[in-house]
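A.B. asks: The sequence isn't on hand, but the structure is:
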């Protein structure tokens, strides 16, 4: 029989997976809000973020209590230690979805993005959401190979991000300046979302192996 | 006499203060790079970030070892627990300085910012650097009043950030689009730097009192 302690540890991992699923679903909805000018989707993302923030607070308290009362060691300590870090990454993923939703809401009923970059954003969103889904699966499976693949998936995002900025900066953007400003910020939000998902992979590798892979280079554009 | 354990705990807090000082110094130099088109300053910020990343790795390992070997409780556990979270915030502050430096380097020998927003950026940088300095002091003093004041200091940043975006979006920006794109991203980098400094204040309040103040609203623009 599993002890109450192991049950709490498992619970914490389940909560982390749920939070990652919520953040990814928020990004999916925020993308609908952005690409389809769907105001309801935008409002829902903004409204529901409070739930993720509340879950963050609860998960942090539970991680703290586990450390205080159970004093985990070795692999179990790695789980709790990484959870403390991952909670922040995952809440941030949700906050980035809120940023996307707020820009979509601000411009409603207009579409935010000029036709020229809509396809790029559809691609960036697809990669970001796939990374969020993979991160959630990796939190559950703790499969180090799958965790390492998150970084490869992110290469596609880096490429899309660079292409977006080459359109914005070098190729004579002909749309208005607010659209360029929004596209720059939105590009950054998707790219950061993907980075946090990659970070989930790194931390899961640490949980399994005790080794933390080196962080990625910093992408400015 | 202090035990080796208490010495390690103190050391960890000293390292955190040093990292925060380095990140703030990096933002100071990155701002020189940006406002004075100082290429050496930009290169230095980019080159020296590796040191902060290495300190992050070391501090994480030390926090982990403290948890594993000393099993701290109560106030001492709050110190180690918060340190794990703060390490990420402070390294991120340094990474944001690298972003500013990379934009300055990319545009060198030109200045990045049109005259119209240079004064805004000088103000944003001043507030960001003051917040970084306060965060460093608060990590050392653990004075909860001083920690709470970080949020008030950040109000000035939020106001500057909103004003920047009203210039970019609403007031008929007459400069070129790359300048608008850079100004939007740079504004975001300073604003995020300030947010992480405020987070330092929140975590120090938790260390001292055991209560974590509610997080701030999300600022999109």
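C.D. replies: Noted; the coordinates are in hand. If you're wondering where the values come from, they're calculated on a predicted model, not measured in any experiment.

A.B. asks: Any residues of chain A in contact with chain B? List them.
C.D. replies: By CB under 8 Å from any CB of the partner chain, the residues of chain A that approach chain B are A:49, A:53, A:57, A:60, A:63-64, A:67-68, A:71, A:73-74, A:77-78, A:81, A:84-85, A:88, A:95, A:98-99, A:102-103, A:106, A:165, A:168-170, A:173, A:177-178, A:180-181, A:184-185, A:188, A:212, A:215, A:218, A:220-221. (C-beta placed from N, C-alpha, C; glycine too.)

A.B. asks: just the buried members of these?
C.D. replies: Among the residues of chain A next to chain B, those classed as buried by neighbour count (16 or more other CB atoms under 10 Å in any protein chain shown) are A:49, A:60, A:63-64, A:67, A:71, A:77-78, A:81, A:84-85, A:88, A:95, A:98-99, A:102-103, A:165, A:168-169, A:173, A:177-178, A:180-181, A:184-185, A:188, A:212, A:220-221.

A.B. asks: ok, the nearest residue to residue A:120 once chain neighbours are set aside - contacts?
C.D. replies: In this structure, residue A:120 finds its nearest non-sequential neighbour in residue A:164, 5.4 Å apart by CB to CB, 6 or more residues apart in numbering or on different chains. Neighbouring residues of residue A:164 by CB atoms under 8 Å, 6 or more residues apart in numbering or on different chains: A:117, A:120, A:124, A:183, A:187.

A.B. asks: which among those gets closest to chain B?
C.D. replies: residue A:183 (8.1 Å; CB to the nearest CB).

A.B. asks: Surely that closest one touches residue A:168?
C.D. replies: Yes - judged on CB atoms under 8 Å, residue A:183 makes contact with residue A:168 at a distance of 6.2 Å.

A.B. asks: Please, which helix or strand holds the spatially closest residue to residue A:18 that is not a sequence neighbour?
C.D. replies: Nearest non-adjacent residue to residue A:18, counting by CB to CB, 6+ apart: residue A:55, 7.3 Å away. Per DSSP states H and E, residue A:55 falls inside helix A:39-70.

A.B. asks: how about that helix: buried residues?
C.D. replies: A:41-46, A:48-49, A:52, A:55-56, A:59-60, A:62-64, A:66-67, A:70.

A.B. asks: angle of it against helix B:39-70?
C.D. replies: 50 degrees (axes from the mean of the first three to the mean of the last three CA atoms, to 10 degrees).

A.B. asks: and helix A:39-70, how far out from the chain's middle?
C.D. replies: 14 Å (CA atoms, centre = their mean, to the nearest Å).

A.B. asks: likewise stretch A:116-130?
C.D. replies: 14 Å.

A.B. asks: same question, stretch A:141-149
C.D. replies: Worked out by CA atoms, centre = their mean, stretch A:141-149 lies 17 Å from the chain centre.

A.B. asks: Give me the mean pLDDT for that stretch.
C.D. replies: Mean pLDDT, stretch A:141-149: 96.

A.B. asks: which residues sit against that stretch?
C.D. replies: A:134, A:137, A:138, A:200, A:201, A:202, A:204, A:205, A:207, A:208, A:209, A:213.

A.B. asks: For those residues, could you give me a markdown table that also reports secondary structure?
C.D. replies: A markdown table is the format used below for the contacts of stretch A:141-149 (DSSP: H, G, I helix; E, B strand; the rest coil):
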| residue | secondary structure |
| --- | --- |
| A:134 | helix |
| A:137 | helix |
| A:138 | helix |
| A:200 | helix |
| A:201 | helix |
| A:202 | helix |
| A:204 | helix |
| A:205 | helix |
| A:207 | helix |
| A:208 | helix |
| A:209 | helix |
| A:213 | coil |
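
A.B. asks: For ChimeraX, write a command that selects the buried ones of those residues.
C.D. replies: In ChimeraX, this line selects whichever of the contacts of stretch A:141-149 come out buried by 16+ other CB under 10 Å:
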select /A:134,137,138,200,201,202,204,205,207,213
